[in-house]
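Colleague: let me see the structure of the following:
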Amino acid sequence: MADLRMTAEQQRLNDARNLGTPWRKWGPYLSERQWGTVREDYSPNGDAWGYFTHDQARSRAYHWGEDGLAGVSDEKQLLCFSLALWNGKDPILKERLFGLTNSESNHGEDVKEYYFYIDSTPTHSYMKYLYKYPQAAYPYLDLVSTGRRRSRYEMEYELLDTGIFNDDRYFDVFVEYAKQSPEDTLILITVFNRGPEPAEINVLPTLWFRNTWTWWPGSPKPSVKQITGKEGYTIISASHPQLGERYLYCAGDNALLFTENETNNERIFGSPNQSPYVKDGINEYVVHRNKSAVNPERKGTKCAANYALTIKGGQSATIRLRLSDLAPAAIGDPFLRFGETMQSRQREADDFYRSITPERLSPDEARVMRQGFSGMLWSKQYFAFDVIKWLKEHGVDAMLPGAGTMRNSDWFHMVNEHVISMPDKWEYPWYASWDLAFHTIALSGVDVDFAKEQLGLVLQEFFLHPTGQIPAYEWNFSDVNPPVHAWASIFLYRTEQAMRGEGDLEMLKRSFSKLLLNFSWWVNRKDRFGKNVFEGGFLGLDNIGVFDRSAPLPTGGNLEQADGTAWMSMFCQNMLEISTELAAHDKFFEDMAIKFADHFLLIAHAMNQVGPEGMWDEEDGFYYDVLRFPDGSAKRLKVRSMVGLLPLCATTVIEPWQRQAVPRVAEVMSERLKHMPQLMQSIHPTGPGHLGYGGRGMAALVGPDRLRRILSRMLDENEFLSPYGIRALSRYHSEHPYVLDLGGNQYKVNYLPAESDTGMFGGNSNWRGPIWMPVNVLLIRALMSFYLYYGDNFKIECPTGSGKQMNLFEVAREISRRLAAIFLRDKSGRRPVYGGTEKFQTDPYWKDYILFYEYFHGDNGAGLGASHQTGWTGLVARLIQFFGRLEATQFLTVGKVGAFSAKPETTASRSAA
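Modeller: Below is the predicted model of the structure:
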């Protein structure tokens, strides 16, 4: 019997999991930028941005995916729906979001639009999106020319800076989706004229098929056509051999425009078109009044309903549509209960978020949390990439010698065609492996089933390399991202355990077997000399180093990385915890637990060696990368950065029940330490005589003395502790830049709290001072783990020098509070994320719509980088939810560690997972 307290959305999630009801089949799976991607690049020199430009996108059929404005599609992206707009002044229809390429902007690629993911449920039963469309001609040329002129030392030139939104002469275009059933979606478009005078706008809801027939010979061509409807609405029929029949019902007696989703060869290549009706035909008809550009027979593979509206100042107009599998004979009046259903789904979305929102949260905290989760859910995208086919289309046979010179040619096994959580569907419309792991942590707050599915993707045979390497990202799958998937796996297992009373053992087993391959790849490829000291290159931290850590060193030799070695130590701990969990059900895994306990001890010993060549600097009380010269000599690169804080994250609590589940592991480790007592000196004290609160043990790289010394820097507001979280680089380097002189060349690192002043890794992200959400979350996890071990027996000044003593839970909560403060209104009613942008700070139509940027100014919290990277910045929603729950239930009373239970079934014991 169903739980009467279960919300309608939770029931849909249950039906999707238990009955296979395809509630997630249709969703926001369109990209927001398909042009300029590696998949669409067939240039001889790998210039993806230059080969397929925004200017070409309206006329050129894509190969691997589709993009659109506020769009949705089925999970295979066969049939797509999105919005096109025209204000009567733009040179082109607004069919997709515009932004600057890497060469056009002073800080790397940057979308130049204002749009917001306001709401979404996990099954997309209700979604809401807002796009702000200027009434004057969009300043395409001004944005490009000004962006190119500005130096890296200047701020980016934004759309608001052009004056295009002055006097509020713009439209707010809201798009809402509400599912009547898994295959039947109501669409409501509401257009507000925020300006003082009447203004005209063409709204063109557009339906089209992804072009598969051109690229895959023999594929049947689908079709859309107009069919007879009743008075008051028009009907578009869409027929596809795989998808079947679908119908778009359009309220009103509007014109329907039809063309083909095929390249305008004449415009792009100067060659004849096979058909007079091409991809940009609707644009030609509306903007240039070219009536011959659309098919008078009202059929094709792309169509739009043309709503020509005049809206008075301060007024609005609405458009109703319905995309359904129900034929006209079966549906009756398609809009009979339209408003009732739309309101019902909205109420159900409210009920769902109310059920997952801690009662103690303020309305503003609840708003930020909901928009953060909604942004995560809107950031799903269908990603198709058959690498061997792509290589063949470049004239490269991946199986022949010499193919390795082509981008991603070592990844010819990859066939990706999945809905994947994206970092940002415009700036980064491709998955990145460590981003994706963090996405699953955030997504677990709303949809743990989808989170588990996502985490398993990159471990599948069509993603994971035969060598065991996890693909990094589309631009270079062979780059190296931090190994965080094992942590995410055990986190999701514990999350589900807390939610449902039991974890998914089968998922854990599958993940463990593939992660074994990945661990072996790391050991064999990134421990160059077999010393248990790891490299890895940039490891997602872009320009954090003195020089590009993914390129050959200017000195020759190699770099022993504190972060790479810390990541591997954490990987060992995660695999130890997973194998221990599995061994509790199957003793076969005991040997694996022993293996990873051994690895952890050896890595800790290598990393924590004392002396001038070790990573730990006793004088500074900090970890640094070590530059190893060809002659074997070494030099610490004494940059106080996140690289030196990450060893804190290699920290895992060992519960008494875990030791009891695998007693042989403890016995073997005890024997090992008797024979090699120096190993014990390299780790946090643990085992008999060193048990913490509740009999807990601890696997950690840093002991109490080093912990205190590192934290004294991390919590110093003149170093790492910002009012808005932990900086990626110490503010110490503002007045004391680190300078390395090598052969007359100087390499310098100084504190840059905002954008990067170098072109390293494209120059569009910066780790030399700003605040990054994912590593902050890992530091919070580490502090929670230490608190589970120490309780109130370990306190530290926070902030350093303040005289205020905190236990480590309080420190974790304080950092979380500062991170959340980036987005929340302060005492003056301003949101730090928006800095000095007055429109966002004070305008009632802007100030409550939240953007979740890629990273944040190290001193004032202003958003920087990609503006819609809810992908991992959405973690702030999980933090708000997590700490809100702890305090709302009084599960954790600060200063009373006894509120925690060591029993495996309790939330507390796995809160630091």
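Colleague: rest of the way, CA atoms for contacts and neighbours
Modeller: Will do.
Colleague: so which residues of the stretch 651-800 of the chain form strands?
Modeller: Shown for the stretch 651-800 of the chain, the strands assigned by DSSP state E, counting those that start in this stretch span residues 651-654, 697-700, 721-722, 725-726, 738-742, 745-749, 795-797.
Colleague: sheet-wise, list the partners of the second one with their directions.
Modeller: It stands for strand 697-700. Sheet pairing here is set by DSSP bridges, and for strand 697-700 it gives strand 651-654 (antiparallel).
Colleague: list of residues touching the partner strand?
Modeller: Surrounding strand 651-654, the residues in contact under the criterion Cα atoms under 8 Å, 6 or more residues apart in numbering are 570, 573-574, 696-701, 782, 785-786, 788-789, 913.
Colleague: before we move on, the earlier item: let me have the strands of the stretch 651-800 of the chain in CSV, adding mean pLDDT, mean neighbour count and distance to M607 as columns.
Modeller: Written out in CSV, the entries for those read as follows (pLDDT from 0 to 100; neighbours: other Cα atoms under 10 Å; distance: least, Cα to Cα, whole Å):
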stretch, mean pLDDT, mean neighbour count, distance to M607
strand 651-654, 96, 26, 14
strand 697-700, 94, 26, 12
strand 721-722, 98, 28, 25
strand 725-726, 98, 30, 24
strand 738-742, 93, 14, 23
strand 745-749, 92, 13, 24
strand 795-797, 98, 18, 25
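Colleague: which one, of those strands, ends up nearest to R149?
Modeller: In terms of Cα to Cα, the element of these nearest to R149 is strand 745-749, at 25.3 Å.
Colleague: show me what that closest one is packed up against.
Modeller: Using 3 or more Cα pairs under 8 Å, 6 or more residues apart in numbering; DSSP states H and E, the elements in contact with strand 745-749 are strand 738-742.
Colleague: show me what the strand it packs on pairs with in its sheet, parallel or antiparallel.
Modeller: strand 745-749 (antiparallel).
Colleague: just the CA trace of the partner strand, in PDB.
Modeller: The C-alpha trace of strand 745-749 is given here as PDB (Å, rounded to 0.1, in the frame of the first residue of the first chain):
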ATOM      1  CA  ASN A 745      63.000  32.600 -16.900                       C
ATOM      2  CA  GLN A 746      60.600  33.600 -14.100                       C
ATOM      3  CA  TYR A 747      57.500  31.700 -13.200                       C
ATOM      4  CA  LYS A 748      55.200  33.500 -10.900                       C
ATOM      5  CA  VAL A 749      52.100  32.800  -8.900                       C
END
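Colleague: flag every buried residue along the worst-scoring helix or strand of the chain on mean pLDDT.
Modeller: Every helix and strand in the chain was compared by mean pLDDT, DSSP states H and E; the lowest is helix 663-675, with a mean of 85. Counting neighbours by 16 or more other Cα atoms under 10 Å, one finds that the buried residues in helix 663-675 are V665, A666, M669.
Colleague: reformat the residues you listed as CSV; add distance to S816.
Modeller: What follows is the buried residues of helix 663-675, written out as CSV (distance: Cα to Cα, whole Å):
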residue, distance to S816
V665, 35
A666, 35
M669, 36
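Colleague: which SSE is L464 in?
Modeller: L464 is part of no helix or strand, with elements assigned from DSSP states H and E.
Colleague: quick check: it touching V458?
Modeller: Yes: when contacts are counted by Cα atoms under 8 Å, L464 is listed as touching V458 (5.8 Å).
Colleague: if we can go back for a sec, I118: which of the strands of the stretch 651-800 of the chain is closest?
Modeller: For the strands of the stretch 651-800 of the chain, distance to I118 was read as Cα to Cα. The smallest value, 25.1 Å, belongs to strand 725-726.
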